[in-house]
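Peer 1: Sequence and predicted structure, then a few things I'm wondering about:
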Amino acid sequence: MRHGRVQLRKLRTLAAAAAALGAAAALAWSPTTAQAAGAATTFHAIPPVDPGSAQLEGASLKSAADAWAVGVRYLNADTVIATLAERWNGTSWQVTPTVDPTGNVDVLSGVADVSPANAWAVGYSQTSTGEPTALIQHWNGSGWSRVPGGTSPTSSAETLNAVAAVSATDVWAVGEHFDSTAGGFVGLIEHFNGTAWSIVPNPDTYTSQGIEHGISGYNSVVAISSSDVWVATKEGVETAVVEHWNGSAWSVIPTPPLAVFNGQAVNGVAVNALAATSSSDVWAVGGTVGFGRRPPRNQLIEHWDGKSWSIVPAPSGTGTTTTTPQALSSVTALSATDAWALGYQPGTALPAFQHWDGTAWNNVAVPNVSGVLSQLSSAPTGALIAVGGIQALLSTNA
């Protein structure tokens, strides 16, 4: 129950920030070209349906004319939080009815678009007096329906944060749950085999600087193949924590130690998003937090080359729309020489974009939008989408 309340506070905070920004800015811009080293991308603002009372938490893009975005709607003066799914058809967003099991707090946090008649969305539900339960919904081409998740006699207080699909018969969802055997919150990994969802055993501890720590949950997953899947934790001690699926089991993969990063002692490490183009090209982005009353924060980018994880330098820069963020919330990759990351300009809720050109990450200027942008997705055609509260941006560089 405690975890569900933490998530609820987060959602309401984002909604308040989006509403405040929306009151001070317009909802449309002319197309803007983002210039980065070796990249020229034109972004168009595409306001979702009912801006100001919704927050988009996840996106999945098939092409510039086919995308899903999911999140929440705030109803009855924010006393009710309901699920939301919107589809982009190349011209406009269309809201598709979803399932709200509790009618109190029902949240969708992630979505995976498998095909026009096959998509998955995950999140959680919570009654006014109960603990959260995992929420899984499926799109069959004509409507959304709730699908049972995996069960375990030792599992409760389940929350799903992200979902990724290899195929229609190979889908992964990740989050956290309370495990009575472990005596606390641990990471939750579920898998769909084409017939049913099941909970897959995974490591619940990792070692940093010779000390064993617990894994309390996952907030990102990327699926490359049936034998190559990555998940990352929302918090680590002096190291980023990632796990890998090799087709038969999950294992923790070492990442560089971060007792000190950018000259500052590190208290915590968060990986907020993963992206991959191949088994030798995987990105993990997030941030580190130091010690102190107002702990210093640093952006963190790490890369897997097929053999090991390494830290990649973040860009430096100043300016209204090109300031390097203190942390990154999302990343997406189109090729080994074309990846994008998203964060916030320090001290604001304005977006800060970065682009990888195969050699270095560079800050990129894009339109300032009237709301928080938190998630990126890309399509094989080359299109990009960024979603959040009130506003969304779509590129047409396909």
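Peer 2: Nice, I can see it.
Peer 1: When you work out contacts or count neighbours from here on, use the C-alpha atoms and nothing else.
Peer 2: Noted.
Peer 1: So for Ser335, what's the nearest residue that isn't a sequence neighbour?
Peer 2: Leaving aside its sequence neighbours, Ser335 sits nearest to Thr277 (Cα to Cα, 6 or more residues apart in numbering; 5.8 Å).
Peer 1: The one you found and His303, how far apart?
Peer 2: Distance, Thr277 to His303, using Cα to Cα, to the nearest Å: 12 Å.
Peer 1: Leu135 too?
Peer 2: 31 Å.
Peer 1: repeat for Val111
Peer 2: Distance from Val111 to His303, by Cα to Cα: 24 Å.
Peer 1: Between those two, which is the more surrounded one?
Peer 2: A count of neighbours by other Cα atoms under 10 Å puts Val111 above the other of Val111 and His303, at 30 against 20.
Peer 1: After the one helix or strand the more buried one maps to, which helix or strand is next?
Peer 2: Assigned by DSSP states H and E, Val111 falls within strand 105-115. Sequence-wise, the next helix or strand downstream of strand 105-115 (DSSP H and E) is strand 118-126.
Peer 1: Would you give the sheet partners of that next one, along with the direction of each?
Peer 2: strand 105-115 (antiparallel), strand 133-139 (antiparallel) (DSSP bridges).
Peer 1: Format those strands as a markdown table; extra columns: distance to Thr83.
Peer 2: Listed next are the strands paired with strand 118-126 as a markdown table, based on distance: least, Cα to Cα, whole Å:
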| stretch | distance to Thr83 |
| --- | --- |
| strand 105-115 | 5 |
| strand 133-139 | 10 |
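Peer 1: so of the ones you listed, which one's packed in deepest?
Peer 2: strand 105-115 (a mean of 26; mean count of other Cα atoms under 10 Å).
Peer 1: Name the residues that touch it?
Peer 2: 57-62, 67-72, 80-84, 100, 119-128, 135, 160-165, 167-168 (Cα atoms under 8 Å, 6 or more residues apart in numbering).
Peer 1: Generate a ChimeraX selection restricted to the buried subset of those.
Peer 2: Buried residues within these, by 16 or more other Cα atoms under 10 Å, are selected in ChimeraX with:
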select :57,58,59,60,61,62,67,68,69,70,71,72,80,81,82,83,84,100,119,120,121,122,123,124,125,126,127,135,160,161,162,163,164,165,167,168
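Peer 1: Out of the contacts of strand 105-115, list just those in helices.
Peer 2: Within the contacts of strand 105-115, no residue falls in helices by DSSP state H.
Peer 1: Check which helix or strand Glu176 maps to.
Peer 2: According to DSSP H and E, Glu176 maps onto strand 170-179.
Peer 1: Return the distance of that strand from the chain's centre.
Peer 2: 14 Å (Cα atoms, centre = their mean, to the nearest Å).
Peer 1: so which of the strands paired with strand 118-126 comes closest to Thr337?
Peer 2: strand 105-115 (23.8 Å; Cα to Cα).
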